[in-house]
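Q: A structural model of the following input is requested.
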Amino acid sequence: MTVAFAAFATALSPSGEAEAFPYTAQRGDTLAEIAERFYGKVEMEKVLVAANGFEDDVPLLAGMRVEIPAVSHYRVKKGESWNVLAETLLGDGKRGEALALSNDTMPWIAPAPGREVTVPYPLRYVAKRGDSTLSIAYRFLGKRDDAYVIDRYNHLKGEPLEPGDVVLIPIVDLVLTDEGREAARQSQQLVLGEGAGDDADAQERATRELPLLLSDIRNGNYMDAIVRGNQLLGAGQLLGAGQLADAQMASVHMALVEAYVALGHTELARNACAEWRRFDPDTLLDPVEMSPKILEACGTAPIDPTFGVPGAELPDPSAMPSVSAPPAGRKRAPASQPGDEP
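A: Numbers count the residues shown, from 1 in each chain. Model (predicted):
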């Protein structure tokens, strides 16, 4: 799931319920038991069977993914009619009638701006021999009289169903229990994680760039190191750009500490050291191996929550003092050789 989609999903479901969410079956789970736990109604098992394309007697194996249908919600904007909403939310403007009826009103009464409407879950069902809109309505909507809803929603125009025909059934009665809501919340984090390959991309880039960053430091190219380091931090913090691993964040900030100290930017060095120590709290600040100036910066390093955020100003290169002598190597923390370097 991309960030853009996540933002749309949040707008669509401000009440916190997802249109459907995946649940990983645990040892001993049954569909009837899941229906009881998540909906409070064991009879909702039939919805789970249809939503997942299972046979009625399918056994669940530990680790299987089960889709849990749920309604979603949408807040109406000025000028939106039921047909406009149906075009966006249900894929067909002609389903405005079904959307209005799902919200206990009539399609000719426009929804008020700001109203939160319930969006039914479109249950996909493959017709079997002997199925009709009457039998399907009774099975999934609870009343044969609602057969016309299925007919109009699928533009059947009264034509009988044939085995293999696929119809969508707009279901509203899918209110989640507290346990179901918690499962939906946990699964949303899982879905975001699965779609967030951006983290892996950012971390792979950092793996390629970190040796170059450390080479800049070794060669005394401090301004290049500052630019490269902040680009890496920005890649990890821009919306949708992915997050670097903690060890990578620590390495970037460690390099920035040395670069900032070398160029006389004490406050920036303190901030960078605070971040370095936050991502690597076990780092050793050894006075034998570390520059006194770095020790000074790290000894009073405040944690600045705004440091490194996208848009933060970088030091002006023209205001930087000239540095020509390369720094010494390091073991765990950066160290300096005798001289005026940090």
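Q: what sits against Glu162?
A: With contacts defined as CB atoms under 8 Å, 6 or more residues apart in numbering, Glu162 is in contact with Ala127. For every residue, glycine as well, the C-beta is placed using N, CA and C.
Q: Tyr138 too?
A: Applying CB under 8 Å, 6+ apart, the residues near Tyr138 are Arg144.
Q: and if you look at Leu31?
A: Glu45, Leu48, Val49, Phe54, Val58, Leu60, Val66.
Q: could you redo the last one with a cut-off of 7 Å?
A: Counting by CB atoms under 7 Å, 6 or more residues apart in numbering, Leu31 makes contact with Glu45, Leu48, Val49, Leu60.
Q: Backbone dihedrals for it, please?
A: Main-chain torsions, Leu31, degrees, to the nearest 10: phi -60, psi -40.
Q: ok, it to Thr24 distance?
A: 14 Å (CB to CB, to the nearest Å).
Q: cool, Asp145 as well?
A: 38 Å.
Q: Just want to know which of the two has more residues nearby.
A: Thr24 (14 against 11; other CB atoms under 10 Å).
Q: Now that one: phi and psi?
A: According to degrees, to the nearest 10, Thr24 has phi -90, psi 120.
Q: Walk me through the domains of the chain.
A: 121-171, 198-319 (automatic domain parsing).
Q: For Gln153, grab the count of nearby residues.
A: Just so we're on the same page, residue 153 is Tyr rather than Gln. Look at Tyr153: counted by other CB under 10 Å, it has 23 neighbours.
Q: what sits against the nearest residue to it once chain neighbours are set aside?
A: Of all residues not flanking Tyr153 in the chain, Ala98 sits nearest, at 5.0 Å (CB to CB, 6 or more residues apart in numbering). Residues near Ala98 by CB under 7 Å, 6+ apart: Val149, Arg152, Tyr153, Pro170.
Q: What distance do you get for Ala98 to Gln186?
A: In terms of CB to CB, Ala98 sits 31 Å off from Gln186.
Q: Taking the contacts of Ala98 together, which two end up most distant?
A: Spanning the widest gap among the contacts of Ala98 are Arg152 and Pro170, at 10.0 Å by CB to CB.
Q: between those two, who's got more neighbours?
A: Neighbour totals were compared for Arg152 and Pro170, and Pro170 leads with 23 against 16 (other CB under 10 Å).
Q: helices or strands next to the helix or strand containing the more buried one in the packing?
A: According to DSSP states H and E, Pro170 maps onto strand 166-171. For strand 166-171, the packing partners by 3 or more CB pairs under 7 Å, 6 or more residues apart in numbering; DSSP states H and E come out as strand 121-126, helix 133-140, helix 147-153.
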